[in-house]
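sequence and predicted model, in that order:
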Amino acid sequence: MISILFQSIIDNNNTRQSLSSLRQELKQDDSTKDTIRELAISHFETLLTLLSSKDAKTRRNVALLMGDLKIDDFASSLFQQYTKEETLFVKSAYLTALTALNCDAFIPQLKTRLQELQAFPITPETKKHLDEEMRVLTQLLLQKDGMTPHTFCDYTNFYNCILLTNRLHASVTEEQILHGQSTAFSAGLMVKTDNIQELLEIRTYRELLFVIPEFTTCSNDPNTASEELANSNLLSFLQQSHKEGTPFYFRIDLKCQMSLAQKSVFTKKLSTQLEHLTNRQLINSTSHYELEIRMIENKQHTFNVLVKLKTLPDTRFAYRKGVISSSIRPDVAALLVSLAKEYMIPDAQILDPFCGVGTMLIERQQQIKGNTSYGVDISKEAITIARENTEHANQIIHFINRDFFRFTHEYLFDEIFTNMPFFMYDARQAELFELYRRFFEKSKEVLKPYGTLILYSHNPNYIEELCTQYGYRILENIVILDIEGSSLVILKRQGV
């Protein structure tokens, strides 16, 4: 098939379609990619000739194919043809191809071209294609040359913020806010404060978002929304809170009921228009960005608007150098520690029998210092990551790659603190119940009499059913997320 496609190109037979088909074939396995690359090198001159084809779509398709092939020898010819190209809709294809190749030698000329485009008079007829050329050119330059990072510097100004927390336990976070004013709402806390640094040290919220001064909602029409954002205090807020000047690079995060295709159209229109209206003081970049404009559909079908700043250093969980798919979020682990801390004793000997990448034990140590901590997990990958995470947290935790049900230790532990395994599918619930039964049975071998079990569970009903027969008493059952049925269950082992 691939040889036939190349022969069609050589014979100038359905050239445009054959180029497009080759691009599709490149999405197959590695052996197919290697075959296409080998044939492309053999027919190097033929492909270069097609860059001068009279058919604009053929020029576009061959340029995109050259980028897909990732053969750096095509770069010079692509750049030269880009400078000569007069058909606007084709020009961005050369840039897309160059993004995948080594084009460092042409960066100065590409920067000059971007400056020319910014000063170029745009008409309704040229707007679409010039916007696309500027978009791809901006991405290329950011990828190859990087961007000047902005530094958040104004920590003492008054800000209206949103802290996204567990909706049932926002009070845990609120109790840690000693400066400013806070009000609970469905997604967390609304906070007005002149002490941002204090917020950055609280571990029990997921995200910190900023409210644009004197601006909360915008239209669900992308053109109107772009005008409202451009006329808002967004730019002044960014300029006042950062050392460096414009431009700022942003992306739009749209949370609504639109389909993926509808979201794509909406964000592209809004972003492009916002760039124009701010004279590119705000530049859209989906891969290299410093702020996220979060747009959340409300009951009136307009959008609540918030800003997330990547320029604001959030080092709370910087130790998390690696995770696996089942890893608990660190803010959730920190919340569990806060909720259970009255049952935790200082200087305790602690065991996590399903430790994953170590997050539960690390967060436990962050809030209440234990004595000796052990983490056990059957996954070698998880244990390797846990050791790395713990080293970055500057803690000492002993990790063992072993099935908990085969784990033994020379002394008993004061506390078991763990995130219990769970399965998504009902078909495996009998298997999960048996795991809980074996856990309770095994726990008596490693936990002291009157020791404490602190279990984060998506199946608290199993705990309630099994605990008594294995000599445990439930002290407290705290619902964490009622929608998913998760609870933090604290139990005390009875004496023997």
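Structure received. Predicted, not measured: the structure shown is a model, and the values here were computed from it. Residues are numbered from 1 along each chain as shown.

need the strands for the stretch 351-496 of the chain, in chain order.
In the stretch 351-496 of the chain, the segments counted as strands under DSSP state E, counting those that start in this stretch are 373-377, 398-401, 413-419, 447-457, 472-481, 486-493.

Lys308 is nearest to which of those?
strand 472-481 (22.6 Å; C-beta to C-beta). Backbone N, C-alpha and C define where each C-beta goes, glycine included.

pull out the buried residues from the closest one.
472, 478, 480 (16 or more other C-beta atoms under 10 Å).

mind giving me the packing neighbours of the helix or strand where Leu229 lies?
Per DSSP states H and E, Leu229 falls inside helix 222-230. If you count contacts as 3 or more C-beta pairs under 8 Å, 6 or more residues apart in numbering; DSSP states H and E, helix 222-230 packs onto strand 217-218, helix 260-277.

quick check: buried residues in the helix or strand containing Ile107?
Element membership for Ile107 (DSSP H and E) is helix 107-119. For helix 107-119, the neighbour count (16+ other C-beta under 10 Å) marks 110, 113-114, 117 as buried.

can you check stretch 321-340 too?
322-323, 327-328, 330-340.

ok, stretch 220-227 next?
Buried residues in stretch 220-227 (16+ other C-beta under 10 Å): 220, 222, 225-227.

what does stretch 93-106 give?
93-101, 103, 106.

which one of the strands of the stretch 351-496 of the chain lies closest to Ser31?
Between Ser31 and these, the tightest spacing by C-beta to C-beta is seen for strand 398-401, at 35.2 Å.

quick one: mean pLDDT for that closest one?
On average, the pLDDT along strand 398-401 is 97.

next one: stretch 226-241
On average, stretch 226-241 scores 97.

any idea how far apart the tips of it sit?
22 Å (C-alpha to C-alpha, to the nearest Å).

buried residues, it. List them.
So, applying 16+ other C-beta under 10 Å, buried residues of stretch 226-241: 226-230, 232, 234-235, 237-239, 241.

farthest-separated two in these?
For the buried residues of stretch 226-241, the maximum inter-member distance is 23.2 Å, found between Glu227 and Ser241 (C-beta to C-beta).

most tightly packed of the helices and strands packed on helix 222-230?
Mean neighbours per residue, mean count of other C-beta atoms under 10 Å, is largest over the helices and strands packed on helix 222-230 for strand 217-218, with a mean of 18.

strands paired with it, and their directions?
Paired neighbours of strand 217-218 in the sheet (DSSP bridges): strand 303-309 (antiparallel).

can you give me the buried ones in the partner strand?
Buried-residue list, strand 303-309, by 16+ other C-beta under 10 Å: 303-309.

between those residues, which is closest to Tyr374?
Lys308 (37.0 Å).

which non-adjacent residue is nearest Asn157?
Nearest non-adjacent residue to Asn157, counting by C-beta to C-beta, 6 or more residues apart in numbering: Asp194, 6.4 Å away.

phi, psi for the one you found please.
Per-residue torsions, Asp194: phi -110, psi 20 (degrees, to the nearest 10).

what sits against it?
Contacts for Asp194 (C-beta atoms under 8 Å, 6 or more residues apart in numbering) come out as 156-159, 179-180.

using CSV, lay out the residues you listed together with secondary structure, pLDDT and neighbour count.
Supplementary listing: the contacts of Asp194 in CSV, determined by DSSP: H, G, I helix; E, B strand; the rest coil; pLDDT from 0 to 100; neighbours: other C-beta atoms under 10 Å:
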residue, secondary structure, pLDDT, neighbour count
Thr156, coil, 91, 10
Asn157, coil, 93, 13
Phe158, coil, 94, 11
Tyr159, strand, 96, 21
His179, coil, 91, 14
Gly180, coil, 90, 17
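
closest one of those residues to Glu38?
Nearest to Glu38, judged by C-beta to C-beta, of the contacts of Asp194 is Tyr159 at 57.8 Å.

what separation do you get for the closest residue to Phe422 other than its chain neighbours and Asn13?
Nearest residue to Phe422, sequence neighbours excluded (C-beta to C-beta, 6+ apart): His458, at 4.0 Å. Per C-beta to C-beta, to the nearest Å, His458 is found 60 Å from Asn13.

same deal with Ile71?
The gap separating Ile71 from Asn13 is 24 Å, by C-beta to C-beta.

what about these two, which has more around it?
With neighbours defined as other C-beta atoms under 10 Å, Ile71 and Asn13 compare such that Ile71 has more, 16 against 10.

which residues does Phe250 contact?
271, 282-285, 289-293.

list the ones among these that fall in strands.
Those of the contacts of Phe250 mapping onto strands are 282-284, 291-293, per DSSP state E.

max pairwise distance over the residues you listed: which two?
Ile283 and Glu292 (13.8 Å).

the buried residues of strand 472-481 into CSV, with extra columns for distance to Arg167 and pLDDT?
Formatted as CSV, those follow (distance: C-beta to C-beta, whole Å; pLDDT from 0 to 100):
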residue, distance to Arg167, pLDDT
Tyr472, 29, 96
Ile478, 14, 97
Ile480, 10, 97
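
pLDDT weak spots in the stretch 251-400 of the chain?
Scanning the stretch 251-400 of the chain for pLDDT under 70 picks out no residues.

quick one: the helices in it?
260-277, 330-340, 359-367, 380-392 (DSSP state H, counting those that start in this stretch).

what of the stretch 1-150 of the chain?
2-10, 15-25, 30-42, 44-50, 56-69, 75-84, 88-99, 107-119, 127-145.

wait, which of those is closest to Thr278?
Of all these, it is helix 107-119 that lies closest to Thr278, at 12.1 Å by C-beta to C-beta.

just give me the neighbour total for Phe317.
18.

I'd say Gln273 and Thr224 touch.
No - counting by C-beta atoms under 8 Å, Gln273 stays clear of Thr224, with 9.6 Å between them.

count of neighbours near Phe413?
So Phe413, with other C-beta under 10 Å, has 23 neighbours.

let's see the pLDDT reported for it.
For Phe413, pLDDT reads 97.

just Lys128 next, same as before
In this model, Lys128 is scored at 86, pLDDT.
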